[in-house]
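> Sequence below, structure please.
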Amino acid sequence: MQEIFNIFIKSIFIDNMVFAYFLGMCSYIAVSKTVDTSVGLGAAVIFVLGFTVPVNYLLNEYLLEPGALVWLGEEFAEVDLSFLSFIMFIAVIASMVQLVEMVVEKFAPALYASLGIFLPLIAVNCAILGGSLFMQEREYQSLGEATSFALGSGLGFFLAIVGIAAIREKIHYSNVPGPLKGIGITFIITGLMGIAFMSFLGIKL
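Below you'll find the model as predicted:
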């Protein structure tokens, strides 16, 4: 349980998808103009990561890793399907994003309209695929660890996008130099937030 909690905290603050690895920057910049749309996209990312990473963990453990098919019989012990990882991971992600898109369109049409193309683009958001690839690379030992990492990463993305959206809303009332208005000042603030998050490197886990 201690390790699961450590993974959760670390994935939010230390290994933040946006501020540590700069993944998912396209939707982070484009959707973070208002807090309302940022909350909607952030919640969708948490949900998609929280589902796809554990499912991909199970696929990796029992299908894709070298020797993972040994449960079918000793003759499958040498089978290595790891070359299918990208295809399988993306298929799971695309299926889940399609489900989220249908649910949002049904129950929150205003949010669906405000998110526009960036909701279906979660399927190709590098932060989502990055979650599954990091899970595979770090070789988590249990489904609980993989799920903890997924939820922590999603929450980290949520905090990042809602935080920058809140700042961007306030910037409208600030005297920003002309050449820096819009994307320019957003990148500067993102860099400063990334530096601020580096302070969490001192956390003892």
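> could you pull out the helices for this protein?
With helices called from DSSP state H, the chain shows them at 2-9, 25-31, 35-59, 85-107, 109-115, 126-138, 143-171, 183-197.
> Please name every helix or strand in contact with the third one.
If contacts are counted by 3 or more Cβ pairs under 8 Å, 6 or more residues apart in numbering; DSSP states H and E, helix 35-59 sits against helix 25-31, helix 85-107, helix 109-115, helix 126-138, helix 143-171. Just so you know, the C-beta spots here come from the backbone N, C-alpha and C atoms, and that holds for glycine as well.
> can you list the weak-confidence ranges in this structure?
For the chain, the stretches flagged by pLDDT under 70 are 204-205.
> As a markdown table, the helices of the chain with distance to P66 and mean neighbour count would be great.
A markdown table is the format used below for those (distance: least, Cβ to Cβ, whole Å; neighbours: other Cβ atoms under 10 Å):
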| stretch | distance to P66 | mean neighbour count |
| --- | --- | --- |
| helix 2-9 | 24 | 16 |
| helix 25-31 | 34 | 20 |
| helix 35-59 | 14 | 22 |
| helix 85-107 | 12 | 16 |
| helix 109-115 | 40 | 16 |
| helix 126-138 | 12 | 21 |
| helix 143-171 | 19 | 22 |
| helix 183-197 | 36 | 14 |
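> With N16 as the reference, name the closest of those helices.
With Cβ to Cβ, the closest approach to N16 among the helices of the chain belongs to helix 143-171: 4.3 Å.
> now for the closest one, which elements pack on it?
Using 3+ Cβ pairs under 8 Å, 6+ apart: helix 143-171 touches helix 2-9, helix 25-31, helix 35-59, helix 126-138, helix 183-197.
> Tell me which of these approaches F118 most closely.
Here helix 25-31 is closest among the helices and strands packed on helix 143-171 (Cβ to Cβ), at 4.9 Å.
> Against N175, how distant is F86?
Distance from F86 to N175, counting by Cβ to Cβ, to the nearest Å: 47 Å.
> now C26
C26 is 28 Å from N175, by Cβ to Cβ.
> And F83, by the same measure?
From F83 to N175 the distance is 55 Å (Cβ to Cβ).
> quick revisit: can you list the helices and strands packed on helix 35-59 in JSON lines and add distance to F200?
JSON lines is the format used below for these (distance: least, Cβ to Cβ, whole Å):
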{"stretch": "helix 25-31", "distance to F200": "19"}
{"stretch": "helix 85-107", "distance to F200": "28"}
{"stretch": "helix 109-115", "distance to F200": "29"}
{"stretch": "helix 126-138", "distance to F200": "18"}
{"stretch": "helix 143-171", "distance to F200": "11"}
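> of all those, which lies closest to K10?
Per Cβ to Cβ, nearest to K10 of the helices and strands packed on helix 35-59: helix 143-171, 7.2 Å.
> That's all I had, so thanks and see you.
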